[in-house]
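Student: just coords:
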């Protein structure tokens, strides 16, 4: 699975009383599907996955995939404390049409337990029905040497890295330099999702006459969508930078994609950074990154998930309240978010 481009880490909408608001999730995913983002990540860090029950997790995953455009790569956060629990969610994600799973180190395993961490991910990748993206966050960082060892597993396709620096990305790519894989892409080298593969052209449109139906109304059926044309592309181990502030640094150091938390509130602004870098217009990329910097520092880095949620509200996506114990922003904080995001609209 190709993971290039911008991937939006979704928030999880709730009603004021804390219940899941699946209708607003459908609204958000439908609108995100019309952005130039390559894909969406459901229940990543901004999705408050740890605060959802297993049944709520399944409802959230099913609702999001149903509302997503077929062309968007859909990744599901399925992290659980055990291999068995993580596999159960991975199997569910596969059954409803996801393209990859996002898995971080279990909270019960410390960084000084490399054998246990390695065993966890290897056992998961051995049996997962979907490609595995390793997820290294500030609270659940993954030692780089382990990432390098896991990269050789055919079921592990990449690393989503929150701690982005030139040295760290360069080290990951050095450790994984021997990895080479063939992936299926479209004729313009975009990702081919499982939902796109399922489209088959079984024939032309048909017309059933009224006479053949015993005098009932005639029925016309539309032609099925034509099967997509594909080709292959050789790629290495894929690194996705999960830092908004250092996303451009990550791309210039060799990352193939972005999954910045702020993108949930400003998908267009974050995409413009990626697009300028992709077009090799580096001065413009610097300008776009600098334009986001004040808002990122306040909304994402200082206020966190509640700040990102309010940023979503300002840009026409439903953010709403976080789930307790997280608290909504104060009136003063909302005014500050409005100020720094005044020029960032989608």
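Tutor: All right, it came through fine. For clarity, every value in this text was computed on a predicted model and none was experimentally measured.
Student: For the spatially most central residue of the chain, which residues count as its bridge partners?
Tutor: Against the mean C-alpha coordinate of the chain, by C-alpha atoms, centre = their mean, the closest residue is residue 41 at 2.3 Å. Residue 41 forms beta bridges with residue 9, residue 75, as assigned by DSSP bridges.
Student: which residues does it contact?
Tutor: Residues in contact with residue 41, defined by C-beta atoms under 8 Å, 6 or more residues apart in numbering, are 7-10, 47, 75-77, 102, 259. C-beta here means a position set from N, CA and C on the backbone, and glycine is covered the same way.
Student: Please enumerate the helices of the stretch 151-300 of the chain.
Tutor: 166-175, 194-197, 247-252, 267-278, 282-295 (DSSP state H, counting those that start in this stretch).
Student: With mean pLDDT, distance to residue 150 and mean neighbour count as extra columns, can I get these in CSV?
Tutor: Shown next, in CSV, are the helices of the stretch 151-300 of the chain (pLDDT from 0 to 100; distance: least, C-beta to C-beta, whole Å; neighbours: other C-beta atoms under 10 Å):
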stretch, mean pLDDT, distance to residue 150, mean neighbour count
helix 166-175, 93, 10, 16
helix 194-197, 90, 23, 17
helix 247-252, 96, 19, 22
helix 267-278, 97, 26, 21
helix 282-295, 96, 30, 16
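Student: okay, those helices in TSV with distance to residue 306 next?
Tutor: As requested, the helices of the stretch 151-300 of the chain are exported to TSV (distance: least, C-beta to C-beta, whole Å):
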stretch	distance to residue 306
helix 166-175	28
helix 194-197	33
helix 247-252	22
helix 267-278	19
helix 282-295	15
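Student: And these: which comes nearest residue 33?
Tutor: Nearest to residue 33 among the helices of the stretch 151-300 of the chain is helix 267-278 (10.7 Å), distances taken as C-beta to C-beta.
Student: Tell me which residues are up against that closest one.
Tutor: 5-6, 8, 32, 35-37, 244, 247-248, 251-252, 258, 260, 262-263, 282, 284-285, 287-289, 291-292, 344, 346.
Student: Return the helix or strand in this structure with minimum mean pLDDT.
Tutor: Ranking every helix and strand in the chain by mean pLDDT, DSSP states H and E puts strand 206-208 at the bottom, with a mean of 54.
Student: looking at the sheet around residue 230, what are its partners?
Tutor: Under the criterion used (DSSP bridges), residue 230 bridges to residue 186.
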